[in-house]
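>>> Could you work out the structure for the sequence below:
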Amino acid sequence: MRIFLITFLYTAILQVIAAQDTHLDSLRNVLDHTTKPAERFDALVKVLEYKDSYSGINIDSADCETLLIIAQEENNESMLATAYNWIGYFLFIVKGDNTAALEYYFKALPLAEKFIDKRRISSLYFDIANVYTVLLNSNEAYRYTLKGGQYLPDPSSGMYDYMLVQYQRNLARYYSDTRQLDSALYYVSALTQTSLRANLIYYTYQAMFLNGFIRAQMGENESADACYKKALLLSDSIKVEARKLPFYNRYIAFLIANDRLQDAQHQTQELWHLAMRTNNPNLKLAAASFKRDLFERLQQIDSAYYYSRVEASTREFIFNQHNQNIIQALAFKDQLRSIEEEGRRTIYQNNVKQYALLTGLGVFTIIALMLFRNNLSRKKANTILQRQKTEIETQKVNVEKALIDLKSTQAQLIQSEKMASLGELTAGIAHEIQNPLNFVNNFSEVNTELIDELKIEMDKQNLEEARTIAENIKDNQEKITLHGKRADDIVKGMLQHSRSSSGIKEPTDINALADEYLRLAYHGLRAKDKSFNATIKSDFDESIGMINLVPQDIGRVILNLITNAFYAVSMAPKSPKGDLNYEPTVTVTTKLLKSPLGDLGAKRSTEDLGANIVTISVSDNGPGIPKEILDKIFQPFFTTKPTGQGTGLGLSLSYDIIKAHGGVISLNTKEGEGTEFIIKLPAA
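As a prediction, the model looks like this:
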């Protein structure tokens, strides 16, 4: 009987899906025949909402980008809020990029609040709560869910049920995770009723497995298993594969807890294949964790160790310190915005009260003509004004403290950039120091063998052969000393780079500095990515000699530019022009110039127009830099790298260092051909 009911339910839902697909085609047809920007924007939003809420079809980046383009062209902040919301949703659900998703959500939130768009505000708060759930911060998820519940749209709105099920789902999930089972059952029952009434299949699916999760916690394993099996029947109808993660998390844990390891292995393998297909870090972390747990239970140590490493690396990718810094900065900025908004509301309300009080006092004075009561009322008004002033001063102190905290966060980001630079250098040094160490070890082993042979020949009184062996030992010892000094020089160079800059200029061989950092940057990147290869070229002007500069600071600049160049060529697996024989190449050049007029000459005194100028050029044949972002290249925190791979401080710090040396840094670039950064420094 139970199987019949489950089959009937599944068949009915499939019929609903078929009807919904037909409706989606009609929405697409309206979109294709709409030309006005505002109407096209609204039509595209309806398509996205319908795909997500009813048909469960995966949204794509092209639709989200189209929304953003229309909003920017129309210069419409309300449209921008919607576009940012959908881009964040795409990054979270499809790409699994939690940090980038939060950035877009928090960009959209103040715009939606500016227009009091209740439907958009509630959607953003629920989406933010979902990200915090994945980041295992249930308290923040609960707080943002309650905020979203305050902005549910009017019940007569067509999107009311869709927003209501998100609110009910989030609360059912929170109360079940915190084992408040009575509250969890209440909200999962409400979720079931609402999702069935509105034909929201995905949320019916969620209600089923959440009900199973709650029943399992209550010790009702048979009922829990039945609920999970109902949800499993609906899994194939959920076309957004990444949205199956909450089900797998609970169902696999249930199977393992009940020693159903074979079933758990099957479901875990399904989750692993899903993670590999979508390349979604959130799915990959969950799958690797379950696989590690299962192989440990089966005492398959090698497999357990492999998946423990996958789990650890994926966890580091999601929860690394850089991402945590960004998320904390976003949360802090949102709290600061809330404080400012609350302050404005308080001032407005106090002003309204003040105006109402003054009006009442005026009317009372005219009617009553009682001077004593009028004076008394004035004193009360002054008291209120003083209280308002005190409240405003308190709010000002809070805001100033918040700004100080924000500056501290920015300082931490700058330190992170410097440490990243040191990490790149250290990886290269590790590769460089390996060669002399290999020589020292090899010649030491040979000398050990030769000493044994020397003893044998001396025992035989064969002095001529003994002398030959002794000469070989001496030659090997000289080579050990030579390579030992080479290793010592490399370590000294590492210590020179890692220590804090003294800020004191000293005579420096710029050619040796550039050559050293070119090799170290290349080997540093190779240490992280063995598949990376590139041709490195150098052309150094030997006539430059020694110039006065701070070697640690200029070294950081050169390392940053070379590392960026390697990153650029790594982003072009073949030539932008289509040449399949594309060879990634990075070139470093130095040159001594007489510059009576150039960039530096214009900034130096008239007596020094003929001073020598040293140029350092770092060029690559990568994809180049788009024209529309050229004016932002040296801005702090601007980066074209994906979230988690760059802070946007490297070029900004480089610009400040070169400026402090009395020099300039500029660039030449052409899309599809490459980029060249040029540093000009005074030689004297």
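>>> before we move on, what SS does Lys680 have?
When states are read from DSSP: H, G, I helix; E, B strand; the rest coil, the local structure at Lys680 comes out as strand.
>>> make that Ile616, sorry
Following three-state DSSP, the label given to Ile616 is strand.
>>> Then the one 3 residues further on?
Classification of Ser619 into helix, strand or coil gives strand, according to three-state DSSP.
>>> Next, the contact list for the nearest residue in space to it that is not next to it in sequence, please.
Ranked by CB to CB, 6 or more residues apart in numbering and with sequence neighbours excluded, the top spatial neighbour of Ser619 is Glu676, at 3.9 Å. Placement of C-beta: from N, CA and C, glycine included. The neighbourhood of Glu676, defined by CB atoms under 8 Å, 6 or more residues apart in numbering, consists of 617-620, 667-669.
>>> redo that, cut-off 6 Å
By CB atoms under 6 Å, 6 or more residues apart in numbering, Glu676 lies in contact with 617, 619, 668.
>>> partner residues bridging the second one?
Right, the one you point to is Ser619. Each beta-bridge partner of Ser619 is listed here: Thr587, Glu676, as defined by DSSP bridges.
>>> now do the last one
Partner residues in beta bridges with Asn668, using DSSP bridges, are Glu676.
>>> residue ranges for the strands of the stretch 501-650 of the chain, please.
Applying DSSP state E, counting those that start in this stretch to the stretch 501-650 of the chain gives strands spanning 506-509, 535-539, 546-549, 585-594, 612-620.
>>> okay if I get those strands as JSON lines plus distance to Asn280?
Shown next, in JSON lines, are the strands of the stretch 501-650 of the chain (distance: least, CB to CB, whole Å):
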{"stretch": "strand 506-509", "distance to Asn280": "48"}
{"stretch": "strand 535-539", "distance to Asn280": "35"}
{"stretch": "strand 546-549", "distance to Asn280": "47"}
{"stretch": "strand 585-594", "distance to Asn280": "33"}
{"stretch": "strand 612-620", "distance to Asn280": "31"}
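>>> what's the most buried one of those?
Comparing the strands of the stretch 501-650 of the chain by mean neighbour count (mean count of other CB atoms under 10 Å), strand 612-620 comes out on top with a mean of 22.
>>> In PDB, list the C-alpha atoms belonging to that one.
The C-alpha coordinates for strand 612-620 follow below in PDB (Å, rounded to 0.1, in the frame of the first residue of the first chain):
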ATOM      1  CA  ASN A 612      70.400  58.800 -16.000                       C
ATOM      2  CA  ILE A 613      67.200  56.800 -15.700                       C
ATOM      3  CA  VAL A 614      67.000  53.000 -15.200                       C
ATOM      4  CA  THR A 615      64.000  51.200 -16.700                       C
ATOM      5  CA  ILE A 616      62.800  47.800 -15.700                       C
ATOM      6  CA  SER A 617      60.300  46.200 -18.000                       C
ATOM      7  CA  VAL A 618      58.200  43.000 -17.300                       C
ATOM      8  CA  SER A 619      56.200  41.900 -20.300                       C
ATOM      9  CA  ASP A 620      54.000  38.900 -21.200                       C
END
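>>> Residues touching that strand, excluding its own?
The set of residues that contact strand 612-620 without belonging to it, under CB under 6 Å, 6+ apart, is 544, 547, 561-562, 565, 568-569, 586-593, 595, 600, 674-681, 683.
>>> Which SSE is immediately downstream of that strand?
Once strand 612-620 ends, the next helix or strand along the chain (criterion: DSSP states H and E) is helix 650-660.
>>> Now do that following helix against strand 612-620, angle only.
170 degrees (axes from the mean of the first three to the mean of the last three CA atoms, to 10 degrees).
>>> List of residues touching helix 650-660?
Residues outside helix 650-660 that contact it (CB under 6 Å, 6+ apart) are 553, 557, 560, 633-634, 636, 665, 679.
>>> Neighbour count and pLDDT for these - can I get that in TSV?
Listed next are the contacts of helix 650-660 as TSV, based on neighbours: other CB atoms under 10 Å; pLDDT from 0 to 100:
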residue	neighbour count	pLDDT
Asp553	19	86
Val557	26	89
Asn560	24	87
Ile633	18	82
Phe634	16	80
Pro636	15	71
Ile665	21	93
Ile679	24	95
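>>> Show the model's pLDDT score for Met546.
We note a pLDDT of 90 for Met546 in this prediction.
>>> same question but for Leu294, I mixed them up
At Leu294, the model reports a pLDDT of 93.
>>> cool, Asn375 as well?
In this model, Asn375 is scored at 78, pLDDT.
>>> ok, now Phe8?
For Phe8, the model assigns a pLDDT of 47.
>>> What of the one 3 residues further on?
With respect to pLDDT, Thr11 has a value of 50.
>>> got it, and Lys230?
For Lys230, the model assigns a pLDDT of 91.
>>> got it, and Leu102?
At Leu102, the pLDDT value in this model is 90.
>>> now do Ser26
So Ser26 comes in at 66 (pLDDT).
>>> which one among the contacts of helix 650-660 gets closest to Lys505?
Ranked by distance to Lys505 (CB to CB), those are led by Asp553 at 9.5 Å.
>>> Look up how far Leu385 lies from that closest one.
Asp553 sits 54 Å away from Leu385 when distances are taken as CB to CB, to the nearest Å.
>>> what do you get for Val188?
If you measure Val188 against Leu385 using CB to CB, the figure is 52 Å.
>>> So between those two, which is more surrounded?
Each of Val188 and Leu385 has its neighbours counted (other CB atoms under 10 Å); Val188 has more, 27 against 12.
>>> Once you drop chain neighbours, what's closest to the more buried one?
Ala172 (4.3 Å).
>>> Show me the helices in the stretch 251-400 of the chain, by range?
Counting by DSSP state H, counting those that start in this stretch, the segments of the stretch 251-400 of the chain that form helices are 261-278, 281-297, 301-319, 321-368, 371-459.
>>> Compare those helices and give me the one nearest Leu44.
Among the helices of the stretch 251-400 of the chain, helix 261-278 comes nearest to Leu44, with 23.7 Å by CB to CB.
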